[in-house]
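A.B. asks: sharing a model that was predicted from the sequence below.
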Amino acid sequence: GGGGGAGGGGALTLGFAQVGAESGWRTANTKSIQESAKAAGIELKFSDAQQKQENQIAAIRSYIQQKVKVIAFSPVVESGWDTVLKEAKTANIPVILTDRAVDSPDKSLYKTFLGSDFVAEGRKAGEWLAEEFGSAAGDVSIVELQGTTGSAPANDRKKGFADVIAPNPKFKVVASQTGEFTRAKGKEVMEAFLKSQPKIDVLYAHNDDMALGAIEAIEAAGKVPGKDIKIVSVDGVRDALQALADGKINHVVECNPLLGPQLMDLVKKVAAGEQVPPRIETTETEFDQASAKAALPQRQY
Amino acid sequence: MTTLDRIKGYRPRQRHLPILATMAMLIGAYVYGASSYTAFGSGQVVLDLFINNAFLLVVAVGMTFVILTGGIDLSVGSVVALSTVVSADLLQNQGWSVIAVIPAVLAIGAALGFGMGVLIQVFEIQPFIATLIGMFFARGLCYTISTQAYSIDDPTVASLAQTQIPLGGELHISIGVVVALVVVAAAAYLLYGTRFGRTVYAIGGNPKSALLMGLDVGRTRISVYTLSGFCSALGGLLLVLYKSSGDPLNGVGLELTAIAAVVIGGTLLTGGSGYVLGTVLGIMVLGIIQTLITFDGTLNSWWTSIITGALLFAFIVLQRLVGRRAT
Amino acid sequence: MLRMSHIRKEFPGVVALDDVSFRMFPGEVHALMGENGAGKSTLIKVLTGVYGVDAGTIELDGSRVAFSGPGEAQRSGVSTVYQEVNLCPNLSVAENICLGKEPRRRGRIDWRETRRRAAALLARLDVEVDVSAELSSCSIAVQQLVAIARALDVDARVLVLDEPTSSLDAGEVEQLLNVVRSLRDQGMAILFVSHFIEQVFAVADRMTVLRNGKLIGEYRTEEITPVDLVTRMIGKELEALEDIEDSGHSRSDLAGAPVFLEAGDVGRKGGVAPFSLDIRAGEVVGLAGLLGSGRTELARLLFGADHADSGSVRIDGEPVSLKTPRTGLDHRIAFCSENRKTEGLVEELTVRENIVLALQASRGWARPIPRRRQDEIAERYIEMLDIRPANAEAKVGDLSGGNQQKVLLARWLITEPRLLILDEPTRGIDIGAKTEIQRLVARLSSEGMAVVFISAELEEVLRLSHRVVVLRDRAVVAVLDNESLTADRVMATMAEGVAR
Amino acid sequence: MTKHRLFWPVVALLALLLGDLIVHPAFFAIEFRDGHLYGNLIDILKNGAPLILIAIGMTLVVATRGIDLSVGAVVAISGALACLHISGLGDQNSLGGTLAAVGMALGLALALGVWNGWLVAVLGIQPIIATLILMVAGRGIAQLITGGQIITVNSHPYEWIGSGFTFGLPSAILIALAVFAIAAVLVRRSALGLLVESVGGNPEAGRLAGLRSARLIWLTYVFCALCAGVAGLMISANVHSADGNNAGQFIELDAILAVVIGGTLLTGGRFSLTGSVIGALLIQTLTTTVYALGIAPQAIMLFKAVVVLAVCLLQSPVFRKKLARRRKAAPPPAAVVPEKVEAGV
Ligand SMILES: Nc1ncnc2c1ncn2[C@@H]1O[C@H](COP(=O)(O)OP(=O)(O)OP(=O)(O)O)[C@@H](O)[C@H]1O
Ligand SMILES: Nc1ncnc2c1ncn2[C@@H]1O[C@H](COP(=O)(O)OP(=O)(O)OP(=O)(O)O)[C@@H](O)[C@H]1O
Ligand SMILES: [Mg+2]
Ligand SMILES: [Mg+2]
């Protein structure tokens, strides 16, 4: 093999294998990483897997060949990383996970995980609901817009939410359908819900985009989003905060994409051989209408 | 009185040209990569192409048969996913052994392929729709088994997955590569050296004629889809080895990649002309494009798509022009 | 040996066979006769299981059979050459001959033996071609021979030949008939379909006549005269050909006519060697040559189907470049291809649509031919060429072979070209229609249309042409004026390559 | 009547609607609300409009033996460009600005069609890979335009294209119908239809008959891209935003499916625009049905597989014949005898 020019010099090279660019959230995530790498003087080798795990694995293999100092990636799915991570370990390249964890039992395969907990996000949405409707009389009819069927955020956000509302029988999920994380599908599905469900009190959307699409469907049906139907969603993109500020959404659970600075810190530490905690959760808040108004001016994504 | 020796004359073997052109360009791309990025020159980069694409290669080989008959198989991605999910489920939840799982999964894939073949042959449903139904069906089955991806911690799978077959130096390949190469060799033999293979070409050339020539068009066509289902299942098993997991979202869009690889390899989508070797090259083309982009490492997501498209364009057009020039 | 009784076969809207019975004995050549669309090919396809029957029974060697398809028929000893060349253009000649019955060694196809066997079979028909060449590179005549060679391969008991000679010239035909005779002498039963009455009388022992899907009768060759036969086929007496004056057909008659097209040293590498030729308005130029001598290639260059890489063409004295069929069409040249299946018809479309296609192409898409006019044109040509069924909205693919050929001819006639190139226009056409077409050519040329006429039948060429261009080895070797020109002389020129 | 080519697709569509009626009677409820019609059927028309448009364009491409995989990418690009332009306007509601945006987007779509057509008709690259190039690169171009973000716009004139109502009906469907009418007239009143069918049915024969097939094929790709461009405007206008990555995902598959269900063969030749429209409506009805009946997300694929299978079997003459034979054979037990005869031997 060749000398691995990339990692040879003084500059620290980081190979980062991104999932894709499937949403504005993801783009913000990518941008944050690229910008903070530049700011930290780290040479970044970036690759985009277009939502395919195979591509990510291939990219990681290529980083091993290129002998980068550190590898970081946001796993497309949690499972299936053992082989390639073992190769990285054999090549003595430390690995950092971002955004999503992997479920490998062998924790020595990666140094640390930096990101959010989707189950916790679902749970937060559920808790808000429990509080908001805690005193309400009668059943609460909930409709749910799920993410892409089979994807980790969809599975986890559904689970976290369901866990919290399960104990209280008055919360009823009357319809739950996939909106594939997009505005267009969110709108289309909500249109159908509005016709097939006689009574909808709450909409829980697995991401903001679907909620934004659903708002339009609700308005077209002559109802008032945020009032006739309360809406809670996850992510905290700018448009959603705007809608929140306008009173069209009632609550947003943040899922923070701006991992860049934290990641670069970790990269430096890991490269220097320092010990790092095995799990670091990004700081994530929740927004209500007031905090949304405050946060809006600085929102970049 | 009449002798037709006059009609004899040399015609260049036009059908080999696309393959030669593709091979030349692959070498060109490799030389370019090696001169631009140091680590690219190591032979392992080439071997990694095989390691990363072994499962795709197997799937594409099945697809080659289908396309040679003038058909298309959109179900392969879903069947791959189904195979991984079924394997994971049987190994993790039902406690089956690897030895039992392999034939079961292969049988499921072949059975699905057979079903689609019957729809196409017996009920005369266009291959595009019949296999699209198969695509929905297999993906649907995945979701009914599990909406979650899960890991397989079976020790046999793990050891198979992590076995590296050394080739001297620092070079190594995986078991998947060996399987894929065996499949390629078997397919090449089938196509070149057996009546079944020749019937496949005949059907692609002109199905009506093939029928009138007394060939068993029906059985061959059904076999071809069965074979493709089988290859997809085998590809799924290799993917299980590759990732040690089952995931219902595996292989979304894989059918297009496989079709593209076959067609870039010089096989006509209308059937009747093409080689398995071309398919191997087609996969290499797609793989090397991706590798070049990863080595570059400075492109953001959308530039990745755009440059992928541009490189694809360059390959295809050059292939076309080289092929034409040599005629 | 073979008995088909009370066969009935209906297609949507057409009764192709109505209570037809047919029998064949071992060691005989049995000719199946009838006009275009009489039901000959359908009867054959019913026999070999391509179509199921609506009523009736088939017995082979005394036992009932119902083949599920050509494959099974073949395995039971019925070997068939269907009317249209039904081979795989993408495979080599050798493979087309051996497909499905390739010699194998240890389970693997033995390619050397395959090629050897194919070459041997072709040699039996006196054909020598490169058996590893792709079939699509061969002319339609060679393809027809390949199809025949393929059928000879099995040790069949029944050999069915549906118009095997439609593209062949005298030499090949003679060779084929010899092979047929020797097979008969070995005890094979041979079913032979042809529109060439002489061939039928030369080889058949017995014949069955069909008309409009009905059985007319079965005759022994000795019992019947050609005139009788034709009368039975068409149901009335055939008008003689006498009115196409055979004599005085010489170029000197056209002395005053202007030259329409002048080709100077036009040629194409791998096609035909550069040749020069001028064609006058009203002139019929016949092309003569053996198989593969380059007649088709020459015609394609004149039309622009291929573009010449040397020489120049003038039309009405103006230099023009004929690069695509479209430019040919724009200069009012029409080219009726010999290969109606792959180069001629769009099988899915209707008779009407196929007929108006070239005219419409020349008008451009924006000026559609009004539907009423299309119907009119279609009706007129259906009647004139006696296309059956006389339904302008029938799918061309469902027509019998001869009727398809007529449709193709009609397409080019309606473009009212100034130069009409006819490459084997009478291929597979019954005798009645053939005279009709010859008469038409004579009439059109007398009205000032120039015609280039290619036919495997030398007599036909001689009867119509003012001049005969003789080709050999893909080069023009002589241009003979048709003044007291005889078939023998043309043949000699073809064989020796110099004018005598 | 059963012989008409559109008979079975229409039957399939009606059967699906009938199924909806039985399972969920309210499915057909239509109200008049805020000056427009409101109900599931209206949603089907509105949400199906983009697919109808693309299916129309795709039909012509398929008729020439081609296929266009890039329509999804063109959808994304045209929506992205229009939204980008509108979002930069001082007054997003200005009609002129919106028209300019629409014009730019359609101009770009046209250029993309020219590109596809050039690859296929001039360079002679197989359609599936020729359009694959744009399919891959196009998503990137769309994201380049949007900067990877979703661009939200607030323009009433623009909104009209996707979610507006005219005469009580969704404007989207009116636009789709207008395009359909134009295409149908263009194709059937001129000779284009015949020429396209000839080129697709037998390209070599077409060439020798003097057709300018390259030009014709080129034209179909341009038209298809244009249709996709309009569809892209609709999709983005419907949600007031442009999503470079997700807009029009997998719509090429649906469009091809619609074309094929409508009776056009992928091997080219005879085509039916009406059939494609029916096919597209069928697919959209299926989607809406899934939502309205509350089919669980993990069962959607299976449900679709079963419905599409049923539709295709219904259309398959072989299947109908077998079914009819069985039915005929079933009541009188004596019918076993003729079946035996048929088996021969
Ligand atoms: N597949 C089909 N569908 C509908 N009609 C058909 C079909 N095949 C044949 N026919 C019709 O059946 C009749 C008999 O056709 P057939 O091909 O047997 O004639 P033929 O005697 O072989 O004529 P030719 O000498 O022209 O080859 C014709 O009228 C033809 O149009
Ligand atoms: N090297 C070759 N091997 C086999 N066939 C060839 C070769 N080169 C040319 N041919 C075929 O031989 C034919 C010779 O030309 P052409 O068709 O013009 O002959 P023709 O005089 O019209 O004879 P035919 O009666 O066969 O139509 C061409 O059709 C061509 O396709
Ligand atoms: Mg016939
Ligand atoms: Mg010829």
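C.D. replies: All right, it came through fine. Ligands and ions are numbered 1, 2, ... in the order given.
A.B. asks: who's in contact with D:Ile133?
C.D. replies: Contact analysis of D:Ile133 by CB atoms under 8 Å, 6 or more residues apart in numbering or on different chains lists B:309, B:312-313, B:316, D:70, D:119. Every residue, glycine included, has its C-beta placed from N, CA and C.
A.B. asks: can you name the residues of the stretch 51-200 of chain A that neighbour chain B?
C.D. replies: Residues of the stretch 51-200 of chain A lying close to chain B by CB under 8 Å from any CB of the partner chain are A:51-55, A:57-59, A:61-63, A:65-67, A:77-83, A:86, A:103-105, A:148-152, A:155.
A.B. asks: cutoff 6 Å now
C.D. replies: Applying CB under 6 Å from any CB of the partner chain, one finds that the stretch 51-200 of chain A approaches chain B through A:58-59, A:61-62, A:65-66, A:77, A:79-80, A:82-83, A:103, A:150, A:155.
A.B. asks: how about the stretch 351-500 of chain C?
C.D. replies: Checking the stretch 351-500 of chain C against chain B by CB under 6 Å from any CB, the hits are C:Asp473.
A.B. asks: surely C:Tyr381 touches C:Ala410?
C.D. replies: Yes. Counting by CB atoms under 6 Å, C:Tyr381 does reach C:Ala410; the two are 3.8 Å apart.
A.B. asks: quick revisit: may I ask which of the contacts of D:Ile133 has the most neighbours?
C.D. replies: Using other CB atoms under 10 Å in any protein chain shown as the neighbour criterion, D:Ser70 leads these with 30 neighbours.
A.B. asks: quick check: chain neighbours aside, which residue is closest to that one?
C.D. replies: In space, and not counting its chain neighbours, D:Ser70 is closest to D:Leu134: 3.7 Å by CB to CB, 6 or more residues apart in numbering or on different chains.
A.B. asks: follow-up on the earlier one: out of the contacts of D:Ile133, which comes closest to ligand 4?
C.D. replies: Nearest to ligand 4, judged by CB to the ion, of those is D:Leu119 at 34.6 Å.
A.B. asks: so what's the closest one up against?
C.D. replies: Neighbouring residues of D:Leu119 by CB atoms under 6 Å, 6 or more residues apart in numbering or on different chains: D:125, D:130.
A.B. asks: OK, now which residue of chain C is nearest to ligand 3?
C.D. replies: Nearest residue of chain C to ligand 3: C:Ser41, at 3.1 Å (CB to the ion).
A.B. asks: name the SS class of the closest residue to that residue other than its chain neighbours, please.
C.D. replies: Excluding its sequence neighbours, the residue lying closest to C:Ser41 (CB to CB, 6+ apart) is C:Gln83, at 5.0 Å. Here C:Gln83 is recorded as coil under DSSP: H, G, I helix; E, B strand; the rest coil.
A.B. asks: the residue nearest to D:Ser70 against D:Val71, yeah?
C.D. replies: No. D:Leu134 lies out of contact with D:Val71 (CB under 6 Å); the separation is 9.3 Å.
A.B. asks: the more surrounded of the two?
C.D. replies: D:Val71 (37 against 27).
A.B. asks: how far away is that one from chain A?
C.D. replies: Remark: distance between D:Val71 and chain A (CB to the nearest CB, to the nearest Å) = 15 Å.
A.B. asks: leaving out the residues flanking it, which one is nearest to that residue?
C.D. replies: Leaving aside its chain neighbours, D:Val71 sits nearest to D:Ala228 (4.1 Å; criterion: CB to CB, 6+ apart).
A.B. asks: wait, the one you found touches D:Gly72, no?
C.D. replies: No. D:Ala228 is beyond contact range of D:Gly72, at 7.8 Å (criterion: CB under 6 Å).
A.B. asks: more neighbours: the two, which one.
C.D. replies: When neighbours are counted by other CB under 10 Å, D:Ala228 and D:Gly72 differ, and D:Ala228 comes out ahead with 32 against 28.
A.B. asks: pass me the low-pLDDT residue ranges in the stretch 201-327 of chain B, would you?
C.D. replies: In the predicted model of the stretch 201-327 of chain B, residues B:323-327 satisfy pLDDT under 70.
A.B. asks: how about the helices in the stretch 51-200 of chain B?
C.D. replies: Listed in chain order, the helices of the stretch 51-200 of chain B (DSSP state H, counting those that start in this stretch) span B:76-88, B:98-121, B:127-145, B:155-162, B:175-193, B:195-205.
A.B. asks: dump those to TSV, plus mean neighbour count and distance to ligand 3.
C.D. replies: TSV is the format used below for the helices of the stretch 51-200 of chain B (neighbours: other CB atoms under 10 Å in any protein chain shown; distance: least, CB to the ion, whole Å):
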stretch	mean neighbour count	distance to ligand 3
helix B:76-88	31	43
helix B:98-121	20	28
helix B:127-145	25	31
helix B:155-162	16	61
helix B:175-193	18	35
helix B:195-205	24	23
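A.B. asks: mean pLDDT lowest for which of the ones you listed?
C.D. replies: Among the helices of the stretch 51-200 of chain B, helix B:155-162 has the lowest mean pLDDT, at a mean of 88.
A.B. asks: which one of the helices of the stretch 51-200 of chain B lies nearest to ligand 2?
C.D. replies: Comparing the helices of the stretch 51-200 of chain B by their distance to ligand 2 (CB to the nearest ligand atom), the top pick is helix B:195-205, with 16.8 Å.
A.B. asks: which bits of the stretch 201-345 of chain D sit near chain C?
C.D. replies: Applying CB under 6 Å from any CB, we find that the stretch 201-345 of chain D lies next to chain C at D:201-202, D:204-205, D:207-212, D:269-270, D:344.
A.B. asks: again, 7 Å this time
C.D. replies: By the rule CB under 7 Å from any CB of the partner chain, the part of the stretch 201-345 of chain D lying against chain C is D:201-202, D:204-205, D:207-212, D:269-270, D:344-345.
A.B. asks: in the stretch 101-250 of chain A, what residue is nearest ligand 3?
C.D. replies: Closest residue of the stretch 101-250 of chain A to ligand 3, CB to the ion: A:Glu188 (56.1 Å).
A.B. asks: pretty sure the residue nearest to D:Ser70 sits in a helix.
C.D. replies: Yes. Counting by three-state DSSP, D:Leu134 is part of a helix.
A.B. asks: that one and D:Ala76, how far apart?
C.D. replies: Distance from D:Leu134 to D:Ala76, counting by CB to CB, to the nearest Å: 11 Å.
A.B. asks: related to what we said a few turns ago, just the pLDDT for the residue nearest to D:Val71.
C.D. replies: pLDDT recorded at D:Ala228 is 97.
A.B. asks: what's the answer for D:Ile22, then?
C.D. replies: Model confidence at D:Ile22, given as pLDDT, is 88.
A.B. asks: helix, strand, or coil at it?
C.D. replies: Three-state call for D:Ile22 (three-state DSSP): helix.
A.B. asks: check the one 10 residues further on too.
C.D. replies: Each residue gets one of three states, and D:Phe32 gets strand by three-state DSSP.
A.B. asks: what's the local residue count around it?
C.D. replies: Neighbour count of D:Phe32, defined by other CB under 10 Å: 10.
A.B. asks: point to the helix or strand of the chain where mean pLDDT is at its lowest.
C.D. replies: Using chain A here. One helix or strand of chain A scores below all others by mean pLDDT, DSSP states H and E: helix A:5-8, with a mean of 40.
A.B. asks: any idea which helix or strand comes after that one?
C.D. replies: strand A:12-18 (DSSP states H and E).
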